[in-house]
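*Asks:* This is a predicted model, with the sequence first.
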Amino acid sequence: MSERFFVIGDPALTEKLINQLQGRPTQATLAACCAEISKSFKFDCVFVAHSNSPEAMLEPVAFDGKEEVMDACLYRLGVEERVALTKIVLKNYSDITGKPVFNKAGSLRIQKPSSGLFFALYKIRQDYLLLGCAHQDSRAYDQELLSELANVWKSWQEDLLAGVHHIMRPVKNEGPSAPSRPASTGPANLSDIESNPFSPPKMDQPKPKDLDGKHMRPVVLVDEVTRLFNKDYFEECLAIEVERAKRYSRHVSLLFLSVTPLDPVTAKANENAIANQIAEILFKSLRRVDIICRLEKNKYGIILPDTDNNTYGIIAKRVFKFFKLVMGETQPVFLNISASTYPKHAGNHILLFENTDKLLLQAQEVGPNKAVLPE
């Protein structure tokens, strides 16, 4: 008989969890409740997070367990998933981090996923509260467990919200920030994009071959070493994502990352191994909807759909965090990061590229492992 991972069907445990959060809980009380759920049901991480709306980035309030699992959940649960949670009692995912990547032989494989149960409470223009119970691996969940945690969540909601308001009071009083609107959100030259939306100037994109009057895109769209998407794919996607953001009045951010070896001779010998480590770092740091590309040997571009300038600071922090974890204490290279957002910092994909590129040079001038991220 297979091992049961959860302690379910225990009315005393359910009652204990419900009673533990009565009144106005403190951060310590919330953390204790997270620990109780984590211990009783053997989750790798249990956390409570809050924001002003499903579209805003969630901030952790209390958690117990592996912080990297919470980070993955908070970042990889995109806007669509968070909005969906406002319409249902609970949502369980058997794969919230899996994404297609290519192995050395060029075959498709799936990155090891995480799984979890998520409960949300949404009060329009006021609060978005999330309870997450997650595992580092992929698994299905017993229906009894879902029902039991749903009952706990239903009884918790109002007291939990009161506690979060008390804990997050300085942030809560500021209210949601309205996105800045630039003087002009349109392209500098609309005809340039409409006639050829996939050809940003100064990117050295090869001209497409013409066959029977039809433009043919490059067949190879992945980097040979890392199996990340390559520059051709990046240039095409950047124009498409900016046009999509313009059409639906959304944000899209562009992040550049440069890799500088400390010892050029040693780095040359381990060039491919380092490139694959950088790819691993980026996969661990980003969502599956983010488009990760290797533009040059030591330069990477990441397109971040539905991401504004308030978010990419968190992303840069995650990249540096996983850089230390993957590379170890003595890193053979250092990183620099820059980012920009459409429409706040640029009115089209060309200017977005150019602005982010200039900021990357500034980051390199500041020093090793530094980022330049405009507000």
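*Replies:* In hand now; what should we look at?

*Asks:* can you give me the helices for the stretch 51-200 of the chain?
*Replies:* 67-76, 79-85, 143-167, 169-172, 190-195 (DSSP state H, counting those that start in this stretch).

*Asks:* What separation is there between the closest residue to Phe63 other than its chain neighbours and Ala371?
*Replies:* Leaving out its chain neighbours, the residue that sits closest to Phe63 by C-beta to C-beta, 6 or more residues apart in numbering is Phe47, at 3.5 Å. (Each C-beta comes from the backbone N, C-alpha and C, glycine too.) Distance, Phe47 to Ala371, using C-beta to C-beta, to the nearest Å: 26 Å.

*Asks:* Same question for Ser147.
*Replies:* Counting by C-beta to C-beta, the gap from Ser147 to Ala371 is 45 Å.

*Asks:* again, but for Val79
*Replies:* 24 Å.

*Asks:* between the two, who's got more neighbours?
*Replies:* Ala371 (23 against 17; other C-beta atoms under 10 Å).

*Asks:* List the residues that contact that one.
*Replies:* For Ala371, the contact set (C-beta atoms under 8 Å, 6 or more residues apart in numbering) comprises Ala316, Phe320, Asn336, Ile337, Ser338, Ala339, Ala363.

*Asks:* ok but the fourth one is inside a helix, no?
*Replies:* No. Membership of Ile337 in a helix is not supported by DSSP: H, G, I helix; E, B strand; the rest coil, which gives strand.

*Asks:* what's the neighbour count on it?
*Replies:* 26.

*Asks:* which element is the residue nearest to it when sequence neighbours are not counted on?
*Replies:* The shortest distance from Ile337 to any non-neighbouring residue, by C-beta to C-beta, 6+ apart, is to Ala371 (3.9 Å). If you go by DSSP states H and E, Ala371 is part of strand 370-372.

*Asks:* about what we covered before: any chance of the helices of the stretch 51-200 of the chain in a markdown table, with distance to Leu238 too?
*Replies:* Below are the helices of the stretch 51-200 of the chain laid out as a markdown table (distance: least, C-beta to C-beta, whole Å):
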| stretch | distance to Leu238 |
| --- | --- |
| helix 67-76 | 21 |
| helix 79-85 | 20 |
| helix 143-167 | 38 |
| helix 169-172 | 33 |
| helix 190-195 | 11 |
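
*Asks:* circling back to that earlier point, who does the strand holding Ala371 pair with, and is each partner parallel or antiparallel?
*Replies:* strand 333-342 (parallel) (DSSP bridges).

*Asks:* Just the buried positions in the strand it pairs with, please.
*Replies:* Residues of strand 333-342 classed as buried: Val333, Phe334, Leu335, Asn336, Ile337, Ser338, Ala339, Ser340, Thr341, Tyr342 (neighbour count, 16 or more other C-beta atoms under 10 Å).

*Asks:* model confidence over the next helix or strand after it, on average?
*Replies:* Sequence-wise, the next helix or strand downstream of strand 333-342 (DSSP H and E) is helix 349-366. Per-residue pLDDT over helix 349-366 has a mean of 94.

*Asks:* do stretch 224-240 as well
*Replies:* Here the average pLDDT along stretch 224-240 is 90.

*Asks:* quick one: buried residues of it?
*Replies:* Result for stretch 224-240 [16+ other C-beta under 10 Å]: buried residues 225-240.

*Asks:* before we move on, what about stretch 318-326?
*Replies:* Result for stretch 318-326 [16+ other C-beta under 10 Å]: buried residues Arg318, Val319, Phe320, Lys321, Phe322, Phe323.

*Asks:* chain center to it: distance?
*Replies:* On the basis of C-alpha atoms, centre = their mean, to the nearest Å, stretch 318-326 sits 14 Å off its chain's mean C-alpha point.

*Asks:* what sits up against it?
*Replies:* For stretch 318-326, contacts defined as C-beta under 8 Å, 6+ apart pick out 71, 75, 257, 277, 280-282, 284-286, 331, 335, 337, 369, 371.

*Asks:* hmm, 10 Å instead?
*Replies:* Stretch 318-326 is contacted by residues 67-68, 71-72, 74-75, 255, 257, 259, 277-286, 300, 302, 312, 331, 333-335, 337, 369-371 when judged by C-beta atoms under 10 Å, 6 or more residues apart in numbering.

*Asks:* pull the CA atoms of stretch 287-300 into PDB?
*Replies:* Output in PDB follows, covering the C-alpha atoms of stretch 287-300 (Å, rounded to 0.1, in the frame of the first residue of the first chain):
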ATOM      1  CA  ARG A 287       7.900  32.100 -14.700                       C
ATOM      2  CA  ARG A 288       7.000  29.800 -17.500                       C
ATOM      3  CA  VAL A 289       5.400  32.700 -19.400                       C
ATOM      4  CA  ASP A 290       8.600  34.600 -19.500                       C
ATOM      5  CA  ILE A 291      10.700  34.300 -22.600                       C
ATOM      6  CA  ILE A 292      14.400  33.600 -21.900                       C
ATOM      7  CA  CYS A 293      16.800  34.000 -24.800                       C
ATOM      8  CA  ARG A 294      20.600  33.900 -25.300                       C
ATOM      9  CA  LEU A 295      21.400  36.900 -27.400                       C
ATOM     10  CA  GLU A 296      25.200  36.600 -27.500                       C
ATOM     11  CA  LYS A 297      27.800  34.400 -25.800                       C
ATOM     12  CA  ASN A 298      27.700  36.400 -22.600                       C
ATOM     13  CA  LYS A 299      24.400  38.300 -22.900                       C
ATOM     14  CA  TYR A 300      20.800  37.200 -22.200                       C
END
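
*Asks:* Which positions within it qualify as buried?
*Replies:* Of the residues in stretch 287-300, Arg287, Val289, Asp290, Ile291, Ile292, Cys293, Arg294, Leu295, Asn298, Lys299, Tyr300 count as buried by neighbour count, 16+ other C-beta under 10 Å.
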